[in-house]
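Enquirer: heads up, no residue letters with this:
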């Protein structure tokens with residue numbers, strides 16, 4: 001009898017424990033007492049290095065927020081739980097990941113999104129379910145400007161392909177052009193000769209379109225003397241660079257990814273002898289670029305907002321150093337630019353939910369639209385993270401770096417040269433630089449016709465005399 005009683009007690013305990021486990025799993029699934037943030041990133045596939053950096057950065061920010069008491073939602077402190085959404089670096093994978101995050105994992109908000117093509121596909125699911133999405137890694141402006149879906153729930157927290165050339169060409173006009181014109185005694189009314197070499201993709205075409213818009217918008221005295229496309233992942237640029245060299249540019253602006261940019265600069269300088277100033281889009285501000293381009297990249301220009309080496313002076317300097325140190329301590333490697341914006345994206349989501357006072361998605365969307373919070377680790381215009389009322393884009397204060405050779409490392413390292421508010425050193429126009437044309441080159445004037453000289457007069461008179469004698473004999 002006693003054995004039966006003990007057995008019954010054990011069974012009751014097991015049953016209670018099982019109920020407790022089941023209830024715990026249900027609580028986690030339903031998100032009760034927590035904020036569930038879906039991180040959309042390519043954790044596998046061709047862009048997995050960037051995707052895992054985005055995930056690791058999100059983990060770091062969530063841990064920091066939770067360690068400081070979580071998010072105060074109407075007087076209740078709630079912790080953040082991150083849920084992975086692996087896009088597998090494909091459109092189909094992106095749609096599958098976002099669908100699962102929304103319909104199975106019941107996330108409250110989405111953060112991330114790398115690659116404009118993938119995000120263009122998977123954002124359709126978020127639009128249908130009206131889930132707020134803070135996009136931190138897709139640069140095409142069409143993401144929040146398309147009109148075939150409702151984009152009101154999408155908030156762009158990374159510079160667009162319109163933003164890159166705006167800052168870059170203003171820098172060229174403000175700093176590079178005056179240096180060239182002074183050295184070579186060019187007239188101010190001579191247009192700067194700009195060549196563009198762009199990837200045959202939405203990204204590359206977006207940058208090229210942005211370049212044309214910026215020249216028109218700011219009425220810049222620049223002529224695009226060459227605009228050449230190349231296929232993604234191209235490895236031999238010597239033919240197209242030779243064509244570009246024949247157009248006599250002053251500056252070359254590639255819209256390329258890291259491996260492509262490395263080859264463009266090295267082959268252009270070493271093999272083709274195109275000794276221009278080379279510009280570079282922000283995605284190439286990476287340790288692999290500086291080691292790959294070697295010293296051929298010296299004095300080229302790298303646009304950026306967050307990088308592995310240079311740290312902007314000013315208000316965010318200490319915060320940037322702390323983030324990089326904390327990331328390296330936790331993950332054993334340096335964070336990337338996409339990681340930095342995703343780190344901020346989690347903080348933005350937390351602030352929006354705190355301001356909303358609940359997890360209602362329409363209220364979170366409204367809070368994001370009205371958001372104003374201090375910049376975190378990337379320099380923002382006016383020092384504030386806010387989304388524009390038209391297309392819900394945050395605006396960064398992009399800066400320009402010049403690559404300087406480091407003899408100890410036998411590599412180049414970037415130094416910020418613009419704008420004045422964050423610059424570390426002055427821009428240098430290298431001694432080997434060659435412009436598209438020499439100072440005041442002109443087409444030689446046609447020689448002015450002159451009257452015949454003495455010798456010519458004598459020759460003509462002799463011919464007439466001979467003709468007269470021949471005529472008399474014939475008579």
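Expert: Happy to help now that I have it. Treat the numbers as computed from the prediction; the structure is a model and nothing was measured.
Enquirer: Run through the residues that contact residue 303.
Expert: For residue 303, the contacting residues are 164, 167-168, 279-282, 285, 398-401, by Cβ atoms under 8 Å, 6 or more residues apart in numbering. C-beta here means a position set from N, CA and C on the backbone, and glycine is covered the same way.
Enquirer: and it, that one's in a strand?
Expert: Yes: the assignment for residue 303 (DSSP: H, G, I helix; E, B strand; the rest coil) places it in a strand.
Enquirer: where's it relative to residue 279, distance?
Expert: Residue 303 sits 7 Å away from residue 279 when distances are taken as Cβ to Cβ, to the nearest Å.
Enquirer: Please enumerate the shared neighbours of the two.
Expert: residue 168.
Enquirer: My understanding was that residue 58 contacts residue 39; is that so?
Expert: Yes: with contact defined as Cβ atoms under 8 Å, residue 58 counts as touching residue 39 (4.8 Å).
Enquirer: that older thread, for the contacts of residue 303, give me a markdown table that also has secondary structure and pLDDT.
Expert: Output for the contacts of residue 303, formatted as a markdown table (DSSP: H, G, I helix; E, B strand; the rest coil; pLDDT from 0 to 100):
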| residue | secondary structure | pLDDT |
| --- | --- | --- |
| 164 | helix | 94 |
| 167 | helix | 96 |
| 168 | helix | 98 |
| 279 | strand | 98 |
| 280 | strand | 97 |
| 281 | coil | 96 |
| 282 | helix | 94 |
| 285 | coil | 91 |
| 398 | coil | 96 |
| 399 | strand | 97 |
| 400 | strand | 98 |
| 401 | strand | 98 |
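Enquirer: centre of the chain versus stretch 336-343, how much separation?
Expert: With Cα atoms, centre = their mean, to the nearest Å as the basis, stretch 336-343 stands 11 Å off its chain's centre.
Enquirer: How about stretch 254-262?
Expert: Offset of stretch 254-262 from its chain centre (Cα atoms, centre = their mean): 12 Å.
Enquirer: Now do the buried residues in it.
Expert: Buried residues in stretch 254-262, defined by neighbour count with 16 or more other Cβ atoms under 10 Å: 254-258, 260-262.
Enquirer: Which of those fall in helices?
Expert: 258, 260-262 (DSSP state H).
Enquirer: now the residues you listed as JSON lines including distance to residue 430 and pLDDT?
Expert: JSON lines is the format used below for those (distance: Cβ to Cβ, whole Å; pLDDT from 0 to 100):
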{"residue": "258", "distance to residue 430": "23", "pLDDT": "88"}
{"residue": "260", "distance to residue 430": "23", "pLDDT": "92"}
{"residue": "261", "distance to residue 430": "18", "pLDDT": "95"}
{"residue": "262", "distance to residue 430": "19", "pLDDT": "94"}
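Enquirer: Go through those and name the one nearest residue 296.
Expert: Of all these, residue 296 sits closest to residue 262, with 8.9 Å by Cβ to Cβ.
Enquirer: Distance of residue 139 relative to residue 307?
Expert: From residue 139 to residue 307 the distance is 16 Å (Cβ to Cβ).
Enquirer: Let me see the ranges of the strands in the stretch 251-400 of the chain.
Expert: In the stretch 251-400 of the chain, the strands defined using DSSP state E, counting those that start in this stretch lie at 251-255, 277-280, 301-304, 373-374, 384-385, 399-406.
Enquirer: Show residues contacting the longest one.
Expert: Residues external to strand 399-406 that are found in contact with it (Cβ under 8 Å, 6+ apart): 167-168, 171, 175, 285, 290, 293, 295, 297-305, 307, 310, 312, 379, 411-419, 422-423, 425, 427-428.
Enquirer: Now a PyMOL select for only the buried ones of these.
Expert: One line in PyMOL is enough to select the buried ones among those; burial here means 16+ other Cβ under 10 Å:
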select buried, resi 167+168+171+175+285+290+293+297+298+299+300+301+302+303+304+305+307+310+312+379+411+412+413+414+415+416+417+418+419+422+423+427
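Enquirer: Sort out for me which of the contacts of strand 399-406 are in helices.
Expert: Cross-referencing the contacts of strand 399-406 against helices under DSSP H gives 167-168, 171, 290, 293.
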